[in-house]
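# Prediction below, plus the sequence it came from.
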Amino acid sequence: MIIWLQISAGVGPDECCLVAAKVAALISDEAKLKLTELQLIEAVEGKKAGTFQSIVFSLECEAVPAWLEPWIGSIKWVSTSPYRPNHGRKNWFVGVQVLRPPESLDFRLSDVRIDTCRASGPGGQHVNKTDSAVRATHLPTGLVAISQDARSQSRNRDLAIERLMRKLQAADEGRAANSKLRLHNQHSQLERGRPVKTFIGKGYSLAP
């Protein structure tokens, strides 16, 4: 199983983007200690160098690892701003969330049913008089593609399968777009409160 791990500053200021970068680094370091490989799949940089609005990792696991669970939720950093020394705010938040990636459709010819049928058309010498049209059905999804363009059944079969593959690819892209939207929504709905971890000061000391 693959999961996505998102560290997000939400719509927070530069200070939150700095915390997002720091939290991502801390989680990455802990993953190495636990012999867990994190794959970076998306990083949206902040306005300041070395900061991130959002970072998304993927990891392969049977379930959310026990070492990762304490990180899931709102992370708080208590410190004066490194960018605005006279700013009164001292509490900065980022969110850590686990999401499921879209399931990619694995195209296999064994999942495709091929049916032949008589080509339809307005009539005339250009319409096939034999059952040369081909309907390709992807059994797991029910998606259907038809070709009656060519005169040979074998060519129509190839065209129908090609069109079916394009439909499946479009469905994959649609699911990926929905997952991107979910990432964006998580990014925009950061909860500021009830932190699961609190770090204090420029040295990011973990509060007891």
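That came through, no problem. Residues are numbered from 1 along each chain as shown.
# So which helix or strand of this protein has the lowest pLDDT on average?
Ranking every helix and strand in the chain by mean pLDDT, DSSP states H and E puts helix 153-188 at the bottom, with a mean of 70.
# which of the residues in the helix or strand just after it are buried?
As assigned by DSSP states H and E, the chain's next helix or strand after helix 153-188 is strand 197-200. Neighbour-count burial for strand 197-200, with 16 or more other C-beta atoms under 10 Å as criterion, is recorded at 197, 199. Backbone N, C-alpha and C define where each C-beta goes, glycine included.
# For strand 197-200, what is the distance to the chain centroid?
28 Å (C-alpha atoms, centre = their mean, to the nearest Å).
# Could you do stretch 68-88 as well?
Stretch 68-88 has its C-alpha centroid displaced from the chain centroid by 26 Å (C-alpha atoms, centre = their mean).
# could I have that stretch exported to PDB, CA atoms only?
In PDB, the C-alpha atoms belonging to stretch 68-88 read as follows (Å, rounded to 0.1, in the frame of the first residue of the first chain):
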ATOM      1  CA  LEU A  68       4.700   8.500  12.100                       C
ATOM      2  CA  GLU A  69       1.400   8.500  14.000                       C
ATOM      3  CA  PRO A  70       2.500  11.100  16.700                       C
ATOM      4  CA  TRP A  71       3.200  13.500  13.900                       C
ATOM      5  CA  ILE A  72      -0.200  13.400  12.300                       C
ATOM      6  CA  GLY A  73      -2.200  16.600  13.200                       C
ATOM      7  CA  SER A  74      -1.300  20.200  14.000                       C
ATOM      8  CA  ILE A  75       2.400  21.100  14.800                       C
ATOM      9  CA  LYS A  76       3.100  24.200  16.800                       C
ATOM     10  CA  TRP A  77       6.300  26.300  16.900                       C
ATOM     11  CA  VAL A  78       6.600  28.900  19.700                       C
ATOM     12  CA  SER A  79       9.200  31.500  18.800                       C
ATOM     13  CA  THR A  80       9.700  35.100  17.800                       C
ATOM     14  CA  SER A  81       9.700  35.600  14.100                       C
ATOM     15  CA  PRO A  82      13.100  35.300  12.400                       C
ATOM     16  CA  TYR A  83      11.800  37.600   9.600                       C
ATOM     17  CA  ARG A  84       9.900  40.200  11.700                       C
ATOM     18  CA  PRO A  85      11.700  40.600  15.100                       C
ATOM     19  CA  ASN A  86       9.100  43.200  16.300                       C
ATOM     20  CA  HIS A  87       6.100  41.200  15.400                       C
ATOM     21  CA  GLY A  88       4.000  40.300  18.400                       C
END
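# what mean pLDDT does that stretch have?
For stretch 68-88, the mean pLDDT works out to 94.
# Could you work out the end-to-end span of stretch 118-138 for me?
Criterion C-alpha to C-alpha, to the nearest Å; first-to-last residue distance in stretch 118-138 is 20 Å.
# Quick check: mean pLDDT of that stretch?
Mean predicted lDDT for stretch 118-138 stands at 64.
# what's the answer for stretch 39-57, then?
Mean predicted lDDT for stretch 39-57 stands at 91.
# Name the helix or strand for the residue nearest to residue 99 when sequence neighbours are not counted, please.
Closest residue to residue 99 apart from its sequence neighbours, by C-beta to C-beta, 6 or more residues apart in numbering: residue 4 at 4.4 Å. Per DSSP H and E: residue 4 is located in strand 2-8.
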